[in-house]
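J.: generate a structure from the sequence data that follows.
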Amino acid sequence: MKKIFLIILISKSLTFLSQENTHHVQYDSYKLDSLQKKIQKLRLSDKIEVYRIQISSSESHEKIKKVKEKYLGDKNIRDAVDEKFETPYFKAVTGLFIDKKNADKELQKILGKFKSAFVFKEEITLREFKRLSTY
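T.: Numbering: from 1, shown residues only. Below you'll find the model as predicted:
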């Protein structure tokens with residue numbers, strides 16, 4: 001009886017010791033989680049999410065060309081302007097930002113001349129990203 005009691009006591013103490021040495025590491029970092037999700041998404045697809053600035057939109061292609069010329073005429077601005085067509089509007093879009101803070105900072109410069117400009121998120125292919133980032 002003493003042996004059985006001693007065996008039970010030793011086994012219980014080993015169980016408690018093994019539980020004390022177990023450490024669970026849990027990261028509660030929002031930035032780390034979002035970065036991991038972006039990397040996983042990028043591995044599964046050839047697309048990436050970026051922030052861009054829409055300067056203007058119109059049903060008239062000529063108006064968008066004039067907006068583009070006005071934008072590029074500003075000596076403080078170095079970005080290129082893309083003309084896009086999404087039925088039924090032509091759009092003048094500029095910038096290519098991974099971080100929304102940088103897009104917002106650039107938007108503040110643009111709002112002086114183009115009051116209707118705004119930042120939007122877009123998903124583009126890596127090939128398009130490389131093309132746009134070489135401007």
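J.: contacts and neighbour counts: CA atoms only from here.
T.: Will do.
J.: now do the strands in the chain.
T.: Taking DSSP state E as the criterion, the chain contains strands spanning 47-58, 81-86, 89-97, 118-125.
J.: name the residues of the second one that are buried.
T.: Pointing back at strand 81-86 there. By 16 or more other C-alpha atoms under 10 Å, the buried positions in strand 81-86 come out as 81, 83.
J.: kindly report the same for stretch 92-111.
T.: Applying a neighbour-count criterion of 16+ other C-alpha under 10 Å, the buried positions in stretch 92-111 are 92, 93, 94, 95, 96, 97, 103, 104, 106, 107, 110.
J.: how about these in JSON lines, adding distance to residue 82 and pLDDT?
T.: Converted to JSON lines, these look like this (distance: C-alpha to C-alpha, whole Å; pLDDT from 0 to 100):
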{"residue": "92", "distance to residue 82": "6", "pLDDT": "94"}
{"residue": "93", "distance to residue 82": "5", "pLDDT": "94"}
{"residue": "94", "distance to residue 82": "6", "pLDDT": "92"}
{"residue": "95", "distance to residue 82": "9", "pLDDT": "89"}
{"residue": "96", "distance to residue 82": "11", "pLDDT": "91"}
{"residue": "97", "distance to residue 82": "14", "pLDDT": "92"}
{"residue": "103", "distance to residue 82": "16", "pLDDT": "94"}
{"residue": "104", "distance to residue 82": "19", "pLDDT": "95"}
{"residue": "106", "distance to residue 82": "16", "pLDDT": "92"}
{"residue": "107", "distance to residue 82": "16", "pLDDT": "94"}
{"residue": "110", "distance to residue 82": "15", "pLDDT": "91"}
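J.: need the max-distance pair from those residues.
T.: By the measure C-alpha to C-alpha, those have their two most distant members at 92 and 104, which lie 17.0 Å apart.
J.: unless I'm mixing things up, residue 120 is touching residue 53, no?
T.: Yes - taking contact to mean C-alpha atoms under 8 Å, the distance of 6.2 Å between residue 120 and residue 53 places them in contact.
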